[in-house]
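> Below: sequence and its predicted model.
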Amino acid sequence: MAKYAFFLGCIMPLRYPGIESSTREVMKSLGVELVDMQGASCCPAPGVTRSFDQNYWMSLAARNLTIAEKMGMDVLTICNGCFDTLFETAHKLNHDPELRKKVNKTLRDATGVEYNGTVNVRHFVELLYRDVGLDAIKSKVKGGKNLKAAVHYGCHFLKPSNIKKIDDAERPHVFDDIVEAAGMTSVAYKDKGMCCGAGGGVRARTPDVALKMTKENLVNMQAAGVDVIVDCCPFCHLQYDVGQVQLKELQQKIPVLHLSQLLGLAFGLEKDKLGLEVHQVKVNL
Amino acid sequence: MAEAKVPNPEFTRKVIEQGGKTVNLCFQCGTCTGSCPSGRQTAFRVRKVVRRAQLGFEEDVLPSEDLWLCTTCFTCYERCPRGVEIVDIIMALRNMAVRKGYMAEPHRKVAELISKTGHMVSLRDEDKALRKKLGLQETPPTVLSDPKMLEQVKKITELCGFDKLVASGGK
């Protein structure tokens, strides 16, 4: 059984814990063992932290990486923001010896431990596609409904693609393929691939601007007649879920599921393991 | 006649040093602006931000609200025909802007929460209750359940001077 250091982040464990329980169950059934990273912190969130102080952003991220390094495991995250922070930090520290020296001095003084550059940072969508495989996912599907899904990749799963090297950033397919393997239909919609609007600190500072972007996506998804929005990031998830309540003018609401919850449904997981009751948009799927 | 603005290469050099190393590659085609989801909804024009950074127009770019309308979606970064790492330029500019006191209160609060609790959102009673119901550890196995590890976060905050930056609002 492959083992990974499971990075929780903030929004998943504290606002949508159903994503966490779904991820744990789904991964277990696919033969992936998740081990907790005792004492990990916020990644830290790239929007505000990187905008304020890139040195602090990387230093806190590097501390999280040292926890996985001590466990002798690669990191697994189910959040695009955490993925971006941890992946970019690991990449920068591996390619810039001067920077690594500087960050390691801070780490040594604060924790007594240095980062040696041995950890790979994995996003669960990419792990499911590359390591677990579509056939293994298909073999776990227990029937259920064939839903029409609007797949939302978010921004920081694939981009910047020159370092992440997962899929074509303009016309990706890995996430759609997983959704289809789970027995759903991934529906094309206008401007698929556009940002949910929340990132970069925009949601916190100018929520009205964030919501305008969210609304444009929602209108395009509605026009395609989808049953569900599927995301792979708790922050996009929150923006679509809470955003639909804030956008009072919207007549029709679309339920929002994180991919781990969608797979939970497809695998026939007990519904009370999915934690759907905290979703603002009611999920009756 | 309006007086022409004088470029300030010293400021441009600082942008380059802080991560915006590709700023001078930009030839102002506007692919970034045409690709920007935020620019569709607002008057934010990425191309102008990059031009101001290139010319060193510090007084135009650092106080500007535009700097904070970027969601860091990386679409411009992906499409730029000159390989300008636009998000890195914006991050360098934002790092400089907060040190001039251009720090919005909602952002300052998030930064404070991270530096004090190790997380960007709080753990409420209702979160604990739901976690328990889902069969999860009530308090996540993070710094939230390990005060010693939280001390490490606080120490890094102090060593990087992030506590002072956040407390002072950059002023």
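Sure thing, it's come through. Numbers count the residues shown, from 1 in each chain, chains lettered A, B, ... in the order given.
> Dihedrals phi and psi, B:Asp127?
Backbone geometry at B:Asp127, expressed as degrees, to the nearest 10, gives phi -70, psi -40.
> what residues are up against the residue nearest to it when sequence neighbours are not counted?
Nearest residue to B:Asp127, sequence neighbours excluded (C-beta to C-beta, 6 or more residues apart in numbering or on different chains): A:Leu14, at 5.3 Å. Where C-beta positions appear, they are placed from N, C-alpha and C, glycine not excepted. A:Leu14 sits next to B:His119, B:Val121, B:Ser122, B:Leu123, B:Arg124, B:Asp127, B:Pro140 when contact means C-beta atoms under 8 Å, 6 or more residues apart in numbering or on different chains.
> quick one: which of those has the most company?
Of all the contacts of A:Leu14, the highest neighbour tally under other C-beta atoms under 10 Å in any protein chain shown goes to B:His119, namely 27 neighbours.
> re earlier: so the residue nearest to B:Asp127 belongs to a helix, correct?
Yes: the assignment for A:Leu14 is a helix, going by DSSP: H, G, I helix; E, B strand; the rest coil.
> Distance of it relative to A:Cys42?
According to C-beta to C-beta, to the nearest Å, A:Leu14 and A:Cys42 sit 10 Å apart.
> what pLDDT does residue 85 get?
Chain wasn't specified; assuming chain A. On pLDDT, A:Thr85 comes in at 98.
> Switch to chain B, please.
According to the prediction, B:Glu85 has pLDDT 98.
> my guess is it meets B:Cys76, correct?
No: at 9.9 Å, B:Glu85 and B:Cys76 do not qualify as touching, with contact defined as C-beta atoms under 8 Å.
> between these two, who's got more neighbours?
Remark: of B:Glu85 and B:Cys76, B:Cys76 carries more neighbours, 25 against 21, as counted by other C-beta under 10 Å.
> What is the burial count for B:Pro37?
Around B:Pro37 there are 22 residues (other C-beta under 10 Å).
> Now name the helix or strand holding it.
B:Pro37 belongs to no helix or strand when assigned by DSSP states H and E.
> Confirm for me that it is in contact with A:Gly193.
No: if you go by C-beta under 8 Å, B:Pro37 and A:Gly193 don't touch, sitting 9.8 Å apart.
> where in chain B is pLDDT low?
B:1 (pLDDT under 70).
> Which residue would be the closest one in it to chain A?
Of all residues in chain B, the one sitting closest to chain A is B:Met149 (3.0 Å; C-beta to the nearest C-beta).
> wait, what's in contact with that residue?
Taking C-beta under 8 Å, 6+ apart, we find B:Met149 in contact with A:Gln38, A:Gly39, A:Ala40, A:Ser41, B:Gly118, B:Thr142, B:Val143.
> picking that back up, can you list which of the contacts of A:Leu14 are found in helices?
If you go by DSSP state H, the contacts of A:Leu14 have B:Asp127 in helices.
> what's the spacing between the closest residue to B:Val143 other than its chain neighbours and A:Gly47?
Closest residue to B:Val143 apart from its sequence neighbours, by C-beta to C-beta, 6+ apart: B:Gly118 at 3.6 Å. Using C-beta to C-beta, B:Gly118 is found at 17 Å from A:Gly47.
> Which neighbours do A:Leu14 and A:Cys42 have in common?
B:His119.
> Counting neighbours, what do you get for residue 2?
Went with chain A since none was named. Counted with other C-beta under 10 Å, the neighbours of A:Ala2 add up to 15.
> other chain: chain B
For B:Ala2, the neighbour count with other C-beta under 10 Å is 4.
> Kindly report the same for A:Met58.
27.
> do the one 10 residues further on as well
A total of 26 residues lie near A:Ala68 under the criterion other C-beta under 10 Å.
> quick one: it and A:Asp74 touch, right?
Yes: with contact defined as C-beta under 8 Å, A:Ala68 counts as touching A:Asp74 (6.9 Å).
> joint contacts of these two?
Overlap of the contact sets of A:Ala68 and A:Asp74 (by C-beta under 8 Å, 6+ apart) consists of A:Ala5, A:Val119.
> which residues touch the closest residue to B:Cys32 other than its chain neighbours?
Here the nearest residue to B:Cys32 in space, its sequence neighbours aside, is B:Cys76; by C-beta to C-beta, 6+ apart that works out to 3.5 Å. Neighbour list for B:Cys76: B:Thr31, B:Cys32, B:Thr33, B:Ser35, B:Cys36, B:Val46, B:Ile86, B:Val87 [criterion: C-beta under 8 Å, 6+ apart].
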